[in-house]
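Colleague: here is a sequence with its predicted model. Questions after.
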Amino acid sequence: MSAEKKSNFFLGFLFLPKEKREALTRIYAYCRLIDDIVDEPKPKDEALRELQFWREEIERLFNGAPEHPLAIDLYKPIKTYGIPKEPFLEMIRGCALDLEGTRYETPADLESYMRGVASSVGIMCVHIFGWKHTPKEKIYEFATTFGYAFQLTNIIRDVGADLELRRVYLPLADIRAAGWSAEALARREQGPEFAALMRVEYKRAKDYYAKARALVDPRDRKALLPAEVMAHVYEGLLDEIERTGFRVMFGKTRLSGLRKMILAFKAWWYCRG
């Protein structure tokens, strides 16, 4: 995870008590480790072996016999907050996809990837945030859908940076429907077709944000404030990308610290309403 993602991740946690912040720090450390296994330059076979170790280590962890220091650190928050095993394994599954190539034919195919690398984190986190009134299946759908929203925002922002790694996450069906091609994208060509493609992805991300919010019982908003802070910041970033004409080929759009704090306050106000 980049430094910027890390800062966005922790911004929401400023509103939590110390014990929950510590639990989320341990969750973040796990997610960062798995992410780094596939992002750091190393032979594919080595990365696959490391991921397999962590599949086995998660099984040991949930059987009460972790070996790795990081897994030992995870034991307490898992027991305290009842975090299930599945999202830890989903994180591994999603990150492993980056070792097999990054071409996704349809939005549904991309959602499978995003469910692994982003929604899994959301499900871990909501167990720590807590909720009382929203049915569990809707809370999981909320976490899953916000995960899609955050990750698609990152994908839109990182089009150019991902091309440096020879990665194209935008659905190929969307690229073709816009009259564009993966080859034109790789050449960093820009024109009305690229703008049309970006508007499709922008609209889909906005729909994810709206759908996620509609799933939550308003009485749970206060407990889920950290998630909403992150959502306001990421959605603010998405809107800034759209406002500036989707200039994502040769640089990353960023928000100032002040802008992030304003968005965090708006999230707090929303959750109080």
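Modeller: The structure has been received and is ready for your questions.

Colleague: what separation do you get for the closest residue to D39 other than its chain neighbours and K222?
Modeller: With CB to CB, 6 or more residues apart in numbering as the criterion, D39 has its nearest non-adjacent residue at 7.5 Å, and that residue is D98. To be clear about C-beta, it is placed using only N, CA and C from the backbone, and glycine gets the same treatment. Noted for D98: a distance of 36 Å to K222, by CB to CB, to the nearest Å.

Colleague: which one of the two has more residues nearby?
Modeller: More crowded of D98 and K222, by other CB atoms under 10 Å: D98, with 19 against 14.

Colleague: wait, the more buried one sits on I37?
Modeller: No: assessed by CB atoms under 8 Å, D98 is found out of contact with I37, at 9.7 Å.

Colleague: run a quick neighbour tally on A212.
Modeller: 23.

Colleague: mind giving me the packing neighbours of the one helix or strand it maps to?
Modeller: If you go by DSSP states H and E, A212 is part of helix 192-214. Counting contacts by 3 or more CB pairs under 8 Å, 6 or more residues apart in numbering; DSSP states H and E, helix 192-214 packs against helix 136-157, helix 172-177, helix 182-186, helix 225-243.

Colleague: helix, strand, or coil at A223?
Modeller: coil (DSSP: H, G, I helix; E, B strand; the rest coil).

Colleague: state the distance from it to F142.
Modeller: From A223 to F142 the distance is 12 Å (CB to CB).

Colleague: for those two, indicate the residue with more neighbours.
Modeller: F142 (25 against 18).

Colleague: what number of residues lie near T244?
Modeller: T244: 10 neighbours (other CB under 10 Å).

Colleague: in space, what's closest to it - neighbours in sequence excluded?
Modeller: T244's closest residue in space is T253 (CB to CB, 6+ apart), at 6.5 Å.

Colleague: now do R60
Modeller: P66 (5.4 Å).

Colleague: you'd agree the one you found is up against K76?
Modeller: No: using CB under 8 Å, P66 is not in contact with K76; the gap is 11.0 Å.

Colleague: with neighbour numbers in mind, choose between those two.
Modeller: P66 (19 against 13).

Colleague: give me the three-state assignment for that one.
Modeller: P66 - assigned by three-state DSSP - is coil.

Colleague: which residues does it contact?
Modeller: P66 sits next to E57, R60, I72, L74, Y75 when contact means CB atoms under 8 Å, 6 or more residues apart in numbering.

Colleague: what about the first one, helix or strand, and which?
Modeller: Counting by DSSP H and E, the element that carries E57 is helix 44-62.

Colleague: can I get that helix in PDB? Just the C-alpha atoms.
Modeller: Written as PDB, here are the backbone C-alpha positions of helix 44-62 (Å, rounded to 0.1, in the frame of the first residue of the first chain):
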ATOM      1  CA  LYS A  44       6.700 -15.200  -9.300                       C
ATOM      2  CA  ASP A  45       7.400 -18.600  -7.700                       C
ATOM      3  CA  GLU A  46       8.800 -17.000  -4.600                       C
ATOM      4  CA  ALA A  47       5.700 -14.800  -4.300                       C
ATOM      5  CA  LEU A  48       3.500 -17.800  -4.700                       C
ATOM      6  CA  ARG A  49       5.300 -19.700  -2.000                       C
ATOM      7  CA  GLU A  50       5.000 -16.700   0.400                       C
ATOM      8  CA  LEU A  51       1.300 -16.500  -0.300                       C
ATOM      9  CA  GLN A  52       0.900 -20.200   0.300                       C
ATOM     10  CA  PHE A  53       2.700 -19.900   3.600                       C
ATOM     11  CA  TRP A  54       0.200 -17.200   4.700                       C
ATOM     12  CA  ARG A  55      -2.800 -19.400   3.600                       C
ATOM     13  CA  GLU A  56      -1.400 -22.100   5.900                       C
ATOM     14  CA  GLU A  57      -0.600 -19.600   8.600                       C
ATOM     15  CA  ILE A  58      -4.100 -18.200   8.600                       C
ATOM     16  CA  GLU A  59      -5.400 -21.700   9.100                       C
ATOM     17  CA  ARG A  60      -3.000 -22.200  12.100                       C
ATOM     18  CA  LEU A  61      -4.100 -18.800  13.500                       C
ATOM     19  CA  PHE A  62      -7.700 -19.800  13.500                       C
END
